[in-house]
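predicted structure and sequence below. I'll ask about it afterward.
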Amino acid sequence: MQAITKLVTHGRTGLAKAIVGQRELVDGTLIALLCSGHALIEGVPGLGKTLSVKVLAQALNVTFQRVQCTSDLMPADLLGTNVLNMQSGTFSLHRGPMFTDLLLVDEVNRMPPRTQASLLESMEERQVTIDGVRYSLSPLFTVLATQNPVEFEGTYPLPEAQLDRFLLKIKIGYPSAQEELEILEKHNSQMTALADPTSIVALDPETLQQAQRELRELKLEQSLIGYISEIARKTRNWPSVSLGASPRAAISLMLTAKALAALDGRDYVIPDDVKTAVLPAMRHRIVLRPEAELEGLDTDRVLTDVLASVEVPK
């Protein structure tokens with residue numbers, strides 16, 4: 001647990017220099033990295049989503065690339081392309097932003113479907129195929145994608161196959177009154193990471209990989225494995241759900257529960273970890289029936305009802 005403790009403490013400390021509050025965002029991005037997963041971050045503009053990812057990359061000493069999505073973005077803009085060298089007559093690969101450790105995909109739902117599809121292979125297998133040749137990506141490759149929940153003009157909804165590849169969907173809201181005052185005071189006095197980027201000390205690059213190995217060794221009782229399985233299976237037969245959670249969703253729920261235990265300083269998982277993990281790990285993986293949406297239900301409400309119907313192991 002030493003590497004996990006070091007990573008979490010360092011990550012939270014570094015982000016606190018730039019971000020006020022937003023605990024769900026801070027912990028969610030750390031969970032995604034610990035689990036070698038990807039995260040979809042949903043929130044209105046101006047809440048610090050992009051800044052958080054940039055500061056996190058600096059604090060954890062990983063490479064970072066950012067893609068601003070537009071409706072005319074092509075797959076080659078992400079993957080790269082082979083360029084002809086006129087002198088030698090040979091082609092060489094010009095690598096795109098996908099070849100990095102931490103990839104921030106801003107406003108991912110503005111990408112056209114063809115370009116969204118180019119993310120699928122990289123998110124699942126950490127490799128890309130360019131002109132029939134496979135190229136391996138960084139073993140730390142992580143996609144942190146953002147989307148705006150209120151603006152739909154010129155957007156393309158993410159297909160279920162792509163949503164299922166995100167370990168978490170993190171929803172963030174406006175800061176509290178006290179937090180907003182602190183934000184204004186920081187920017188007024190220029191006491192932010194933006195004003196002094198050198199204030200964020202980079203972590204030993206081996207720490208993240210060691211923390212990922214430690215996470216796999218966390219204890220998970222057989223009864224909790226059954227609890228996770230029952231929650232996932234319950235969603236498939238729930239009256240208001242047309243598409244329930246996949247086995248990949250159950251795996252994500254298990255990994256997220258482990259990461260939550262680690263963030264709390266424990267080397268074992270308890271039922272409360274599973275309960276806390278249900279919404280971020282599953283809210284983007286179930287599809288409600290049209291009549292349920294007409295009744296005003298959303299996935300968070302339905303998952304809360306599902307969770308309440310499953311018996312908690314003693």
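Ah, there it is.

which strands and helices sit next to the longest helix along the chain?
Taking DSSP state H as the criterion, the chain has its longest helix at helix 247-263. Applying 3 or more CB pairs under 8 Å, 6 or more residues apart in numbering; DSSP states H and E, one finds that helix 247-263 makes contact with helix 2-16, helix 23-34, helix 206-216, helix 222-236, helix 271-282. In short, each C-beta sits where N, CA and C put it, glycine included.

helices and strands around the shortest one, which ones?
If you count contacts as 3+ CB pairs under 8 Å, 6+ apart, helix 206-216 packs onto helix 2-16, helix 23-34, helix 247-263.

look up how far Thr29 lies from Ser52.
Separation of Ser52 from Thr29 (CB to CB, to the nearest Å) stands at 7 Å.

same drill for these two, tell me which one is more crowded.
Using other CB atoms under 10 Å as the criterion, Ser52 and Thr29 rank with Thr29 on top: 26 against 23.

residues in contact with the more buried one?
11, 39, 41, 52-53, 56, 144, 170 (CB atoms under 8 Å, 6 or more residues apart in numbering).

quick one: pLDDT of it?
On the pLDDT scale, Thr29 is placed at 87.

in this protein, which residue sits furthest out from the middle?
Within the chain, the residue lying farthest from the chain centre (CA atoms, centre = their mean) is Gln87, at 43.3 Å.

and that one, its phi and psi?
Note on Gln87: its backbone torsions stand at phi -70, psi -50 [degrees, to the nearest 10].

and it, how far from Pro112?
35 Å.

roughly how far out does stretch 121-128 sit from the chain middle?
The chain centroid and the centroid of stretch 121-128 are separated by 15 Å under CA atoms, centre = their mean, to the nearest Å.

list the buried residues in it.
For stretch 121-128, burial by neighbour count (16 or more other CB atoms under 10 Å) applies to 121-123, 128.

please apply the same query to stretch 59-78.
Going by neighbour count (16+ other CB under 10 Å), the buried part of stretch 59-78 is 59-62, 64-67, 69, 73, 75, 77-78.

same check, this time on stretch 161-169
The neighbour-count check on stretch 161-169 (16+ other CB under 10 Å) flags 162-169 as buried.

all strands of the stretch 101-250 of the chain, in order?
When secondary structure is read from DSSP state E, counting those that start in this stretch, the stretch 101-250 of the chain shows strands at 102-106, 127-130, 133-136, 142-147, 168-171, 241-243.

so how far is the second one from its chain's centroid?
Which is strand 127-130. Relative to the chain's own centre, strand 127-130 is displaced by 21 Å; criterion: CA atoms, centre = their mean.

contacts only, for the closest residue to Leu167 other than its chain neighbours.
Excluding the flanking residues, the one nearest Leu167 by CB to CB, 6 or more residues apart in numbering is Gly37, at 2.8 Å. Taking CB under 8 Å, 6+ apart as the contact definition, Gly37 lies against 31, 142, 166-168, 252, 255.
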